[in-house]
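[1] Sequence and computational prediction follow.
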Amino acid sequence: MNPVDVKLVVLDMAGTTVADDGLVERAFDAAAGALGVEPGTPEHARMAEHVRATMGESKISVFRHLFGEEEKAQQANLAFEAAYHELVDGGLCAALPGAAEAIERLRTAGCKTVLTTGFSRSTQDRILTALDWHGIADLTLCPAEAGRGRPYPDLALTALLRTGTDSVHEMAVVGDTGYDMLTGTRAGAAVVAGVLTGAHREERLRADGATHVLGSIAELPGLLLG
């Protein structure tokens, strides 16, 4: 691919540039427990399966689906965030190999980079602080800052608008979930690249619109820059 084709790269965080290692599911267990849903029960199994299937979606949206009532959803979301923050603060948050280097190489080549997430701003900032990643990208975005989270195109299109990128045809969207792929395809991105370091396998990524599937984020500069 010619280097001038892509001028904006929209990157997911957990599972794409940041190792997940089961942290989302561990935090979900805490959230479910706060609402009386215990591990080992059929209800917990059903909810956990939905969480896995919707990895990448705004977490508050997931909890609204699972618990139905706004008050319960907010309670679950707060418990989730508290548990996730504790895990991050406990040193269980790490960058995926080659992620920082890939972002640096893309920016050096003139590509704007934007880190996006399905987490809240407070959780996103917690991760950025733990990794010393404030300033690593041109912009960071969470669902509340874009309108709707994945699988809607809002995060990618907000990244395009905020960075002053001229066209969706100059944008690449990269993530580890089917919802990331749907975001990219719905936003009209020229490249929608899935990575195999997170939640979903190649079959799901391809089914939801991946134009490319990479082993990891470390391969992205080679794809985009040649």
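    Perfect, I can see it now. Residues are numbered from 1 along each chain as shown.
[2] just checking, residue 113 is part of a helix?
    No: under DSSP: H, G, I helix; E, B strand; the rest coil, residue 113 sits outside any helix and is assigned strand.
[3] Now find how far off-centre the helix ranked longest in the chain is within its chain.
    The single longest helix within the chain, with elements called by DSSP state H, is helix 70-89. Centre-to-centre, helix 70-89 and its host chain are 17 Å apart (CA atoms, centre = their mean, to the nearest Å).
[4] can you start the count at 452 instead of 1 from here on
    In the new count, where the first residue is 452, that last one comes out as helix 521-540.
[5] residues of it that come out buried?
    524, 526, 527, 528, 530, 531, 532, 534, 535, 536, 538, 539 (16 or more other CB atoms under 10 Å). C-beta here means a position set from N, CA and C on the backbone, and glycine is covered the same way.
[6] I'd say the fifth one and residue 479 touch.
    When you say that, I think you mean residue 530. No: the criterion here is CB atoms under 8 Å, and residue 530 misses it with residue 479 at 9.4 Å.
[7] The residue of the chain most remote from its centre and residue 612: what is the separation?
    Centroid-distance maximum for the chain: residue 492 at 28.5 Å, with CA atoms, centre = their mean. Plainly put, residue 492 is 44 Å away from residue 612 if you go by CB to CB, to the nearest Å.
[8] can you list the weak-confidence ranges in the protein?
    Applying pLDDT under 70 to the chain flags the ranges 452-455.
[9] before we move on, back to that, from the contact counts, what lies against the longest helix of the chain?
    Judged by 3 or more CB pairs under 8 Å, 6 or more residues apart in numbering; DSSP states H and E, helix 521-540 is in contact with helix 474-485, helix 510-518, helix 572-582.
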